[in-house]
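> Kindly generate the corresponding structure for this input.
(one chain, ligands or ions: 1)
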Amino acid sequence: MPHLTTGRALETADRTATVTDPHSDKPVLVIGNSYRAFEVIPGHLDDAARQAFTHGQCHAFARALSAATGWPAVALLTEDCHGNDSMCLGGRGAHCPCRIGHLVCLRPDGAHVDINGAHQPLQVPSCANALSLPMTAELWSAIDTSPAWREPNMPVAVSMVAPLLTSLIGDVPHRCEVRA
Ligand SMILES: [Zn+2]
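Sure, this is the predicted structure:
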């Protein structure tokens with residue numbers, strides 16, 4: 001049971017204990033970066049969900065979205081190989097798994113899709129101009145086994161796919177240029 005101090009949070013935690021219905025309107029705790037707990041209502045794509053699946057659970061959402069759509073998952077890379085995190089293999093250049101900063105899915109029109117919507121390549125918020133790298137089994141394994149990444153909350157991630165895809169309908173202001 002997470003350590004929670006406010007009455008509202010305690011009440012929420014109590015209610016989350018029995019949530020199993022993916023269509024419930026009760027929040028569950030989704031654990032993100034630095035073990036921050038986000039109160040997210042499954043299937044409810046609101047700011048809390050966007051925060052959780054941007055800050056520490058992007059891998060879960062990318063995996064869920066990729067499975068549902070067939071769109072390949074793509075890693076957006078940080079500028080440097082840190083050399084000080086458990087995923088660092090050193091000397092692997094762009095392919096060092098420690099450089100994975102965010103995960104998106106590559107829509108057929110070239111857009112990068114995450115919990116916040118569809119973005120032009122190189123214009124994903126907080127990852128502008130980041131190099132991208134197709135996810136491989138090796139890179140997924142690096143994420144799955146690294147203590148630097150939280151265990152993916154797949155049930156909640158899966159519940160966000162339909163709302164996200166619905167939000168994209170009619171929201172295609174530009175087709176991305178596809179360069180040969
Ligand atoms: Zn590295």
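> alpha carbons only for contacts and neighbour counts from here, please
Fine.
> unless I'm mixing things up, residue 143 is touching residue 151, no?
No: in this structure, residue 143 is not within contact of residue 151 by Cα atoms under 8 Å, at 9.1 Å.
> What residues does residue 50 make contact with?
115-116 (Cα atoms under 8 Å, 6 or more residues apart in numbering).
> Now do it, the pLDDT please.
Here the pLDDT value assigned to residue 50 is 98.
> Specify the local secondary structure of it.
helix (DSSP: H, G, I helix; E, B strand; the rest coil).
> Could you measure from it over to residue 33?
13 Å (Cα to Cα, to the nearest Å).
> what's the residue most central in space within the chain sitting at in phi/psi?
A centroid search over the chain (Cα atoms, centre = their mean) returns residue 58, at 1.1 Å, as the residue closest to the centre. Phi and psi for residue 58, reported as degrees, to the nearest 10, are phi -60, psi -30.
> right, and it touches residue 114 too?
Yes: using Cα under 8 Å, residue 58 is in contact with residue 114, at 7.5 Å.
> Mutual contacts of these two, please.
Shared contacts of residue 58 and residue 114, counting by Cα under 8 Å, 6+ apart, come down to 103-104.
> Residue ranges in the protein under the pLDDT threshold?
Of all residues in the chain, those with pLDDT under 70 make up the ranges 1-24, 84, 91-92, 171-180.
> Around the ion, pick out the residues from it.
Applying Cα under 5 Å from the ion, we find that the chain lies next to the ion at 81, 83, 88, 90, 96, 98.
> now, which of the residues you listed sits nearest residue 104?
residue 98 (16.4 Å; Cα to Cα).
> which ones are touching the closest one?
So residue 98 contacts 81-83, 85-89 (Cα under 8 Å, 6+ apart).
> Determine the longest strand present in this protein.
Taking DSSP state E as the criterion, the chain has its longest strand at strand 100-106.
> neighbouring contacts of that one?
Under Cα under 8 Å, 6+ apart, the answer for strand 100-106 is 54, 58-59, 62, 65-66, 71-78, 112-114, 127.
> rewinding a little: show me the contacts for the residue nearest to the centre of the chain.
Neighbours of residue 58 in contact, by Cα under 8 Å, 6+ apart: 52, 102-104, 114-115.
> Of the residues you listed, which is the nearest to the ion?
For the contacts of residue 58, the residue nearest the ion by Cα to the ion is residue 102; the value is 14.9 Å.
> Identify the bridge partners of that closest one.
Beta bridges link residue 102 to residue 76, judged by DSSP bridges.
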